[in-house]
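Visitor: here is my input, please return the structure:
(4 chains)
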Number of protein chains: 2
Amino acid sequence: MPEKKKVFLNEETFLQQYNADDYVHPSVAADMVIFTVMDAPEANYRKLPEKQLCVLLIRRGMYPFLGQWALPGGFVRPNETVGNAARRELREETGLDNVYMEQLCTFSEPDRDPRTRVISCAHMALVNSANLQLAAGDDADRAAWFRCSSQLLSESRETHTMGCTITKRSLFHLSGENVQINCTLEHKISHTTHSVTDEYTIIENTGLAFDHARILALALERLRSKLEYTGIALHLMPARFTLTQLQQVYEVILGRSLLAAAFRRKIAPLVRGTDEYTSDAGHRPSQLFERNWDNIAELI
Amino acid sequence: MPEKKKVFLNEETFLQQYNADDYVHPSVAADMVIFTVMDAPEANYRKLPEKQLCVLLIRRGMYPFLGQWALPGGFVRPNETVGNAARRELREETGLDNVYMEQLCTFSEPDRDPRTRVISCAHMALVNSANLQLAAGDDADRAAWFRCSSQLLSESRETHTMGCTITKRSLFHLSGENVQINCTLEHKISHTTHSVTDEYTIIENTGLAFDHARILALALERLRSKLEYTGIALHLMPARFTLTQLQQVYEVILGRSLLAAAFRRKIAPLVRGTDEYTSDAGHRPSQLFERNWDNIAELI
DNA sequence: TCAATAGTGTCTATGAGACAGTATGCA
DNA sequence: TGCATACTGTCTCATAGACACTATTGA
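Guide: Predicted structure coming up:
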């Protein structure tokens, strides 16, 4: 097999003379979708507190998108991976380390940031609300948990010659202390004989900076689909919990109610009963369970 | 909510004065794992040709890793997304456009490229071998299809206090015209009460450049898992195919044989029968099917 | 006592795995 | 004729959905 260009240098010399600036370099950032599930305050002493899925947002103190809300994120430093950068952001905002985190997707539309070209690698983290306290850092007064819900607005399907296009429109509602944010996204999946496209478009957006509505939509979709076939939800639970609490977490994320009997059967291998029970609840006490990591690890 | 730093400029002025070079910029590349399934030449006129899963590799003509084999890839240009860059590479190497492609993962270990810092966003593409012909471009004489197979060498599980670690070791074998490449990878999933790690380590590598063995391992894993719950395999098929051919594609990717009856039931909604049949086969003719995109799109 | 939740038993529908059995073209 | 593949019928088993039913606390 012939070489096209003759190589004159040895490897050491080549690497010394290599000039990275021959190429254009975008900025690279890591963004974090940090989810937790919190209890809503409940009036009736007998009723269980309602669960709410929450996402951490930071109010922007600079242009662009000044005053709008954004996902926590920042630029990747020379000696860290994008994952390290994401974990650093998480630690800075929540004081938490060692939580479940996974890479979602890399967003690279050339104009996604009006300042300059920024390629962002989005991550999702799940934290347990029990030991949650926003860090007293620089950004602390700008960070807030937003209650997060979504709703399918419409779904249409169009069959054309040798292909099919499915369009789904969803409304994402984020509710903070004094702020309400609504984003409508359109998700279009188009199949033809020789190509597949899968694109999200932001139709309406009342206050989420950059393309963060899209990132959030993707994170929520990933979280939902992983609920079904992994034990990912257990990362949102405290060390000990009741099966009803766990079921509530599933329900609030999936946006639909589940049947207790089937739910218990399904998650049985992922938990281990303890000899502790709840009390003072105004109704029958409930057994407390803990995670059974042995079987959760199986399902990553 | 108070602003920490007072903002002196308006947005327009801010954007004009913004200097992207305040931050360190890594290079960003897109790498492609291009899979296809080809027929092995078969001696016996009666037997069906065996299917082989193949991946496209490029022989490196430059340092580093001179002479070794690498995934097709290249740097992302100023006005394209990482997906655009990946598609451009695909077109340059195979002449193909409009094929199934998805983003896999972004690799960003600071030392993954000895030249300089390169963050790479890995993609996977599936092409149908029917209209395959390597492009006569610059790199054409260095591009080759490698038969790809993998084998689980060992799997161990260690339960420790409040956690569990699963370690899997797999051997990847790549077989080209005159080259054999073996890579042994270790995949370690570790769960503890407050963290999950999921890391691949290259244990042995006889000829794949950079961390491309890891990327390939991830791509193969993704392809396998998507076979189970999507119609992704249909992108590897020509316009018309028999159900046995489709089953062979599943079998060669999953690395195990399937029962025909169950397989046909499972994929029935994804295909549509035609009135064409194979002939001259030395055995009973087989009905030809085509894709039913309506139901495939459902399962993205 | 009763509101509210905790927890179980079981019927049914569905889908995958297993395997036997029938169908068919061509050297 | 028989090899090799094509294709179907049906039994079994595992699992999810549905729902009825019993159990238990504390104001």
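Visitor: what helices or strands is the longest strand belonging to chain A leaning on?
Guide: Ranked by residue count, the top strand of chain A under DSSP state E comes out as strand A:143-160. Judged by 3 or more C-beta pairs under 8 Å, 6 or more residues apart in numbering or on different chains; DSSP states H and E, strand A:143-160 is in contact with strand A:27-39, strand A:51-59, strand A:163-175, helix A:212-229, helix B:293-297. Using the backbone N, CA and C atoms, a C-beta is placed for each residue, glycine as well.
Visitor: who touches it?
Guide: For strand A:143-160, the external contacting residues (C-beta atoms under 8 Å, 6 or more residues apart in numbering or on different chains) are A:35-36, A:38, A:52-59, A:69, A:72, A:93, A:134-135, A:164-177, A:179, A:181, A:184, A:216-217, A:220, A:255, B:293-294, B:297.
Visitor: how about the strands in chain A?
Guide: Counting by DSSP E, the segments of chain A that form strands are A:27-39, A:51-59, A:69-70, A:73-75, A:100-107, A:118-126, A:143-160, A:163-175, A:180-192, A:195-205, A:271-277, A:287-291.
Visitor: most packed of these?
Guide: Among those, strand A:118-126 has the highest mean neighbour count (mean count of other C-beta atoms under 10 Å in any protein chain shown), at a mean of 26.
Visitor: quick one: mean pLDDT for that strand?
Guide: Per-residue pLDDT over strand A:118-126 has a mean of 97.
Visitor: same deal with stretch A:264-272?
Guide: Mean per-residue pLDDT for stretch A:264-272: 96.
Visitor: just the buried residues of that stretch, please?
Guide: Within stretch A:264-272, the residues scored as buried using 16 or more other C-beta atoms under 10 Å in any protein chain shown are A:Ile267, A:Leu270, A:Val271.
Visitor: stretch A:70-80 close to chain B?
Guide: Yes. Looking at stretch A:70-80 against chain B by C-beta under 8 Å from any C-beta of the partner chain, the contacts come from A:Phe75, A:Val76, A:Arg77, A:Pro78, A:Asn79, A:Glu80.
Visitor: can you tell if stretch A:218-225 touches chain B?
Guide: No. Using C-beta under 8 Å from any C-beta, we find that stretch A:218-225 stays clear of chain B, coming within 9.6 Å at best.
Visitor: so which bits of that stretch are buried?
Guide: So for stretch A:218-225, counting by 16+ other C-beta under 10 Å, buried means A:Leu218, A:Ala219, A:Leu220, A:Arg222, A:Leu223.
Visitor: let's have those residues in JSON lines, adding pLDDT.
Guide: Output for the buried residues of stretch A:218-225, formatted as JSON lines (pLDDT from 0 to 100):
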{"residue": "A:Leu218", "pLDDT": "97"}
{"residue": "A:Ala219", "pLDDT": "98"}
{"residue": "A:Leu220", "pLDDT": "97"}
{"residue": "A:Arg222", "pLDDT": "96"}
{"residue": "A:Leu223", "pLDDT": "97"}
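Visitor: adding distance to B:Leu259, write those residues out as CSV.
Guide: What follows is the buried residues of stretch A:218-225, written out as CSV (distance: C-beta to C-beta, whole Å):
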residue, distance to B:Leu259
A:Leu218, 36
A:Ala219, 38
A:Leu220, 37
A:Arg222, 32
A:Leu223, 34
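Visitor: the domain parsing of chain A - what is it?
Guide: Using automatic domain parsing, the domain parsing of chain A gives A:27-227, A:232-299.
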